[in-house]
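Participant: Take this sequence and fold it.
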Amino acid sequence: MRQSKVSRIETGRLLPSVVDVQQILAALGVDQPTQADLVALAQVANTEYEDI
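Facilitator: This is a model prediction of the structure:
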């Protein structure tokens with residue numbers, strides 16, 4: 001993932017996809033239970049965003 005994309009995610013200019021979240025969490029070495037929780041939140045966020 002490019003640094004520019006990470007920057008757009010960090011500043012809120014880009015909603016990360018579920019895959020983006022998975023890649024970031026894996027790169028950071030986040031434990032599996034936390035990853036599952038955060039991926040679920042990303043799925044909800046993307047679903048709600050698409051419904052608007």
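Participant: Output the longest helix belonging to this protein.
Facilitator: Ranked by residue count under DSSP state H, the longest helix found in the chain is helix 32-51.
Participant: what comes up buried for that helix?
Facilitator: Applying a neighbour-count criterion of 16 or more other CB atoms under 10 Å, one finds 35, 38, 42, 46 buried in helix 32-51. To be clear about C-beta, it is placed using only N, CA and C from the backbone, and glycine gets the same treatment.
Participant: Next, the contact list for the last one, please.
Facilitator: Right, Asn46. Shown in contact with Asn46 (CB atoms under 8 Å, 6 or more residues apart in numbering): 15, 17-18.
Participant: What's the ChimeraX syntax to select whichever of these are buried?
Facilitator: For the buried members of the contacts of Asn46, the matching ChimeraX selection, counting by 16+ other CB under 10 Å, is:
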select :18
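Participant: Could you dump the contacts of Asn46 into a markdown table with distance to Gly29 added?
Facilitator: Formatted as a markdown table, the contacts of Asn46 follow (distance: CB to CB, whole Å):
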| residue | distance to Gly29 |
| --- | --- |
| Leu15 | 23 |
| Ser17 | 20 |
| Val18 | 19 |
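Participant: Out of the contacts of Asn46, name the ones that lie in strands.
Facilitator: Using DSSP state E, no member of the contacts of Asn46 sits in strands.
Participant: What is the nearest of the contacts of Asn46 to Asp31?
Facilitator: Lowest distance from Asp31 to the contacts of Asn46 (CB to CB) belongs to Val18, with 18.0 Å.
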